[in-house]
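# quick one, what's the 3D model for this:
(2 chains)
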Amino acid sequence: MATYILKRFLQLIPVFLGATLLVYFLVFSLPGDPIVALFGDKPVNEAVAAQLRAQYHLDQPFWIQYLLYLKGIFTFDLGQDFSGRPIAAVLGEVFPVTARLAVMALIFEAVFGIIFGLIAGLRKGKFFDATVLIASLIVIGIPIFVLGFLLQFTIGVQLGWAKPTVSSAATVQDLILPAIVLGLGSFAYVLRLTRTSVIENMNADYVRTATAKGLSRFRVVRVHILRNSLIPVITFLGADLGALMGGAIVTEGIFNVPGVGNRLYRAVTQGEGPTVVSIVTVLVLIYVVSNLLVDLLYAWLDPRIRYDA
Amino acid sequence: MSDYISHGPALTGPENIGAVVLEVRDLSVDFGVDKKWVPAAVGLNYEVRAGEVLAIVGESGSGKSASSMALLGLLPSNSRVSGSVKLSGKELLGGDASNIRSVRGKDVAVIFQEPMTALNPVYTVGAQIVETVRLHNEVSPGEARERALRMLDLVELPDPEKAFKSYPHQLSGGQRQRAMIAQSLSCDPKLLIADEPTTALDVTVQAEILDLMRNLRNKLDSAIVLITHDMGVVADLADRIAVMRRGLIVETGTADQIFHNPQHPYTQALLAAVPHLGQGGAGSEGEVDVTAALAAATHAELESVDREELARRERENAAALAAAEAARASGEPVLELTDVAIEYPKQGRVPAFRAVEGANLTIYPGQVVGLVGESGSGKTTIGRAAVGLLPVAAGKMHVVGQDISAAKKNGKQLHQVRRHIGMVFQDPSSSLNPRLPIGESIGEPMYLAGVAKGPDLQKRIEALLDQVELPRDYRNRYPHELSGGQKQRVGIARALSLKPKLMVADEPTSALDVSVQAKVLELFQNLQRELGFACLFVTHDLAVVDVLADRICVMQRGRIVEQGTRDQILRSPQEPYTQRLLAAVPLPDPERQRERRELRAQLLATAAE
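A predicted model of the protein is given here:
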């Protein structure tokens, strides 16, 4: 087991190098001159522009820029963004916000998705099941920005049950509505996955054995059906954490959340190479680590899976 | 090994049978299918006494399982149960749910067919037994653990502590079934329902589990309802037998009555259909007395057979063997393996696995060679390699005169060779394309080989359907419209379509009911005689090769441990493993089975020394 985890961590190195290189190259290839764009409508002061280019190494060829960036990372200096703030500080500011948002969304989709999916599976073909299935189909079918504006307007503005926008502190309370919007699509998937899995396991032989032992229906469901049914769901949830963090751009835009998505969007439009690369790299690492955690959780849930050698 | 064997009295006589434990009256079960009630069992009446084993025998769809699951309310929700089921005088049917729940696992316990799926894969065996114990008894976790360990010891698991901590997948099939039995017995049930408890197991393991159940029956004095399709198992264990067919009990009687004087035509047909070891074999003289053969080979002395009788039977055997020696095969071999090793190639992190080592085997034209072994012995591997589905890792393999040991995967040479080989697979349902009418499935090999086209092809398909005795208009039907036996006939027709020189049949009848199996085997035998193809017949069932094979190869752990003519193997088995395998096959005859059991106990005792 320990060797397995170590191996997986060693895999992070090529993933890290590949991701940074690729993203750096993509940003480098973006059309337009970011420094010129910084001047906006004002006339470009060539001397200032040249100085800025030198400061951000933009006058160097691609490989030099990339290697300088890597060197910065290993000396714990991620550089500065175009407004002159250290990128490390920027990351420290935006990631906690988005992490809070993503974790809240994850909890929302896991708790409600599993509960609804379980009930629907146990009552296959009944009214609750049919309703939930159709509702989840609608949720999957409607684009997230439509849902976002809809909920923001109805729940946030008209009913006033939750705050329609987020303050700069982005407290848990502020984030309730955005988290629901962010998690809604995955919630529908979790629900359907749980339902299918429960239906499959309900007819398993060991469930019949459990019933034949004299266990109550509740205990059969909780101990014998649920744990077996959660195995595929956990896999989905783990992979989804990364997707939620990176995919929060639209939601963060709608609710004006000061998180990763907003900052990344700005960095991309302004061609701030180092900022984009830093944010994306952290996202990639989160993705890889959460996948590792899923695999370990998987082995814990299903003892038939063993990672030796 | 020897610990598993009971040396006590083998059968409980009627005199020490106790009070009625289970009384079933007018039990009917219906299933709702497409808004109609389809009966699965109709008006069943039977009772079981303490210390008695009642076997309910029948083929698939006879309602034996459904009616027994109905006793505990374990049927799916689309079912309807009526009648009366009394456990020690207390009515089980019709009460509220908690009533039946308090009975389940405590007074009535169930052993299921497939222990791999019947135990929850994500909990340890110990945890699952402790769960049962604590549910029905007010005991501390420690006491429950103690009890679970005692139960695991009772079912003769070699290391109860280890089994307790193991997950189901870490145990072998036999150990899993022991664990399942331990769980069932953990609350001292008055009634034990065993639903095909040995069907998923290898014969030698089956024999061990049957021994165990017989021991337990003598020790515990529970009533046992044994549900099975296997007459051999019935003969081994049952005191009384109820024969079921299409939802009805057609005959009930003591084991003696049913086996020696069956009244109902269906019972007679069922008994006749059971392929029993020693009975088959074209041309050879009479039935092989395997018991005597084993006794002769091992110099065993039997208590249950007197010495002179045994000697006479042994002499008969020897004479028949000598007579059978005359037949010799000739011609160019169709399949020849010389020191062949076969590997499952390395896949990702899973290293290559050598499934067969040093196999020597020759099949001459027109010969049927039975390849017998238990699961994991490598018999199917040889079958697959003969068709070029697995590469030969070492040695030489000649198929229809060509050396395919070095043939490239999917290369031209294999294509050529495969035109001369037909293959019949184990599961007829999954080996036919569900979206193709069976006529097309049969015609496809001929079409692909360019042998026939258009009207000519259609004629050939019809001829093949005739050969396997299926109506010609079946050609437009889809596999799901056919019964299991019919599907396997289609499989055979497809294998025959290119007029193969060699047929590889991989357990072609093991998924079928006995009466269907008997008919398919008969058809196969007739076709083989008529068309004269050579055949490698892979099976776990000795009784089946006995009917078909000219030669028998016995495999154990990737090696062919013994081979010879059918008569050599059955009448004079030399290898201890072959002897154990033969002794483990239950005979559908209670007295003969008693002799066989005694012999087996002796064999295992010598092996253990």
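
# chain neighbours aside, what residue packs nearest to residue 289?
By default, I'm working from chain A. With CB to CB, 6 or more residues apart in numbering or on different chains as the criterion, residue A:289 has its nearest non-adjacent residue at 7.8 Å, and that residue is residue A:12. In short, each C-beta sits where N, CA and C put it, glycine included.

# think we crossed wires, I meant chain B
Distance criterion CB to CB, 6+ apart; nearest residue to residue B:289, sequence neighbours excluded, is residue B:313 at 4.8 Å.

# could you report the neighbour count for the one you found?
Counted with other CB atoms under 10 Å in any protein chain shown, residues neighbouring residue B:313 total 17.

# show me what from the stretch 201-309 of chain A comes close to chain B.
By CB under 8 Å from any CB of the partner chain, the part of the stretch 201-309 of chain A that sits against chain B consists of A:204-206, A:208-217, A:223-224, A:227-228, A:301-304, A:309.

# tell me the buried residues within these.
A:204-206, A:208-215, A:223-224, A:228, A:301-303 (16 or more other CB atoms under 10 Å in any protein chain shown).

# got the CA coordinates for the one helix or strand the residue nearest to residue B:289 maps to in CSV?
Take DSSP states H and E as the rule and residue B:313 turns out to sit in helix B:307-324. Taking only C-alpha atoms (Å, rounded to 0.1, in the frame of the first residue of the first chain), the coordinates of helix B:307-324 have been written out as CSV:
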residue,chain,number,x,y,z
ARG,B,307,-15.2,-59.6,0.3
GLU,B,308,-16.3,-62.2,-2.2
GLU,B,309,-18.8,-59.9,-3.8
LEU,B,310,-16.1,-57.3,-4.1
ALA,B,311,-13.7,-59.8,-5.6
ARG,B,312,-16.3,-60.9,-8.1
ARG,B,313,-16.9,-57.3,-9.2
GLU,B,314,-13.2,-56.6,-9.4
ARG,B,315,-12.7,-59.7,-11.7
GLU,B,316,-15.5,-58.6,-14.0
ASN,B,317,-13.9,-55.2,-14.2
ALA,B,318,-10.5,-56.7,-15.1
ALA,B,319,-12.1,-58.9,-17.8
ALA,B,320,-13.9,-56.0,-19.4
LEU,B,321,-10.7,-53.9,-19.3
ALA,B,322,-8.8,-56.6,-21.1
ALA,B,323,-11.5,-56.9,-23.7
ALA,B,324,-11.5,-53.2,-24.3
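
# where along chain A do the helices fall?
A:2-28, A:34-38, A:46-55, A:62-74, A:87-122, A:127-141, A:144-151, A:172-202, A:205-212, A:217-219, A:226-246, A:249-255, A:260-270, A:273-301 (DSSP state H).

# which residues touch the second one?
Helix A:34-38 is contacted by residues A:44, A:49, A:52-53, A:56, A:58, A:82, A:270-273 when judged by CB atoms under 8 Å, 6 or more residues apart in numbering or on different chains.

# what residues of the helix or strand hosting residue B:443 count as buried?
Under the criterion DSSP H and E, the helix or strand holding residue B:443 is helix B:438-449. If you call a residue buried by 16+ other CB under 10 Å, then helix B:438-449 has these buried ones: B:438-439, B:441-447.

# swap in stretch A:239-255?
Residues A:240-252, A:254-255 are the ones in stretch A:239-255 that count as buried (16+ other CB under 10 Å).

# gap between the two ends of that stretch?
Taking CA to CA, to the nearest Å, the span from the opening residue of stretch A:239-255 to its closing residue is 24 Å.

# do me a favour and average the pLDDT over that stretch.
For stretch A:239-255, mean pLDDT is 83.

# up against chain A, what does chain B have?
With the criterion set to CB under 8 Å from any CB, chain B comes near chain A through B:72, B:74, B:97, B:101-106, B:109-110, B:112, B:114, B:117-122, B:131-132, B:135-136, B:167, B:169, B:180, B:183, B:349.

# and residue B:339, which of the three is it?
The three-state label given to residue B:339 by DSSP: H, G, I helix; E, B strand; the rest coil is strand.

# burial measure for the closest residue to it other than its chain neighbours, as a count.
If you skip the residues right next to it in sequence, residue B:339 has residue B:395 as its closest partner in space, 3.9 Å away by CB to CB, 6+ apart. Neighbour count for residue B:395, taken as other CB under 10 Å: 17.

# report the contact partners of residue B:395.
Counting by CB under 8 Å, 6+ apart, residue B:395 touches B:337-341, B:358-359, B:405.

# repeat that for residue B:151.
Taking CB under 8 Å, 6+ apart as the definition, contacts of residue B:151 comprise B:129, B:182-183, B:185-186.

# what bits of the chain have low per-residue confidence?
Because you didn't say which chain, this covers chain A. Using pLDDT under 70 as the threshold, the predicted model of chain A has low-confidence ranges A:307-309.

# not what I meant, chain B
For chain B, the stretches flagged by pLDDT under 70 are B:1-17, B:276, B:278-288, B:301, B:303-305, B:320-329, B:348, B:609.

# pick out the residue nearest the middle of it.
Nearest residue to the geometric centre of chain B (CA atoms, centre = their mean): residue B:199, 5.5 Å.

# pull the number of nearby residues for residue 52.
Using chain A. For residue A:52, using other CB under 10 Å, the count is 17.

# hmm, I had chain B in mind actually
Around residue B:52 sit 24 other residues, with neighbours defined as other CB under 10 Å.

# do the same with residue B:138
The local packing count at residue B:138 equals 6, with neighbours defined by other CB under 10 Å.

# got a list of what it touches?
By CB under 8 Å, 6+ apart, no residues touch residue B:138.

# that one and chain A, how far apart?
As for residue B:138, its distance to chain A is 14 Å (criterion: CB to the nearest CB, to the nearest Å).

# please enumerate the helices of the stretch 501-609 of chain B.
Secondary structure of the stretch 501-609 of chain B, counting by DSSP state H, counting those that start in this stretch: helices at B:514-531, B:542-548, B:566-571, B:576-584, B:590-608.

# list the contacts for the closest residue to chain A within the stretch 351-500 of chain B?
Using CB to the nearest CB, the point where the stretch 351-500 of chain B gets nearest to chain A is residue B:351, with a distance of 9.6 Å. Applying CB under 8 Å, 6+ apart, we find residue B:351 in contact with no residue.

# from residue B:345, how far off is it?
If you measure residue B:351 against residue B:345 using CB to CB, to the nearest Å, the figure is 10 Å.

# ditto for residue B:579
Where residue B:345 is concerned, residue B:579 sits at a distance of 35 Å (CB to CB).

# with neighbour numbers in mind, choose between those two.
The neighbour comparison of residue B:579 against residue B:345 (other CB under 10 Å) goes to residue B:579, with 23 against 12.

# the contacts of residue B:151 in helices, which ones?
Among the contacts of residue B:151, the members falling in helices (DSSP H) are B:129, B:182-183, B:185.

# for the residues you listed, which one is nearest chain A?
For the ones in helices among the contacts of residue B:151, the nearest to chain A is residue B:183 (7.4 Å; CB to the nearest CB).

# so the closest one makes contact with residue B:128?
Yes. Judged on CB atoms under 8 Å, residue B:183 makes contact with residue B:128 at a distance of 6.1 Å.

# hmm, back to that, which of the contacts of residue B:395 has the most neighbours?
The member of these surrounded by the most neighbours (other CB under 10 Å) is residue B:337, with 27 neighbours in all.

# not counting sequence-adjacent ones, nearest residue to that residue?
For residue B:337, the spatially nearest residue (CB to CB, 6+ apart) is residue B:361, at 4.4 Å.
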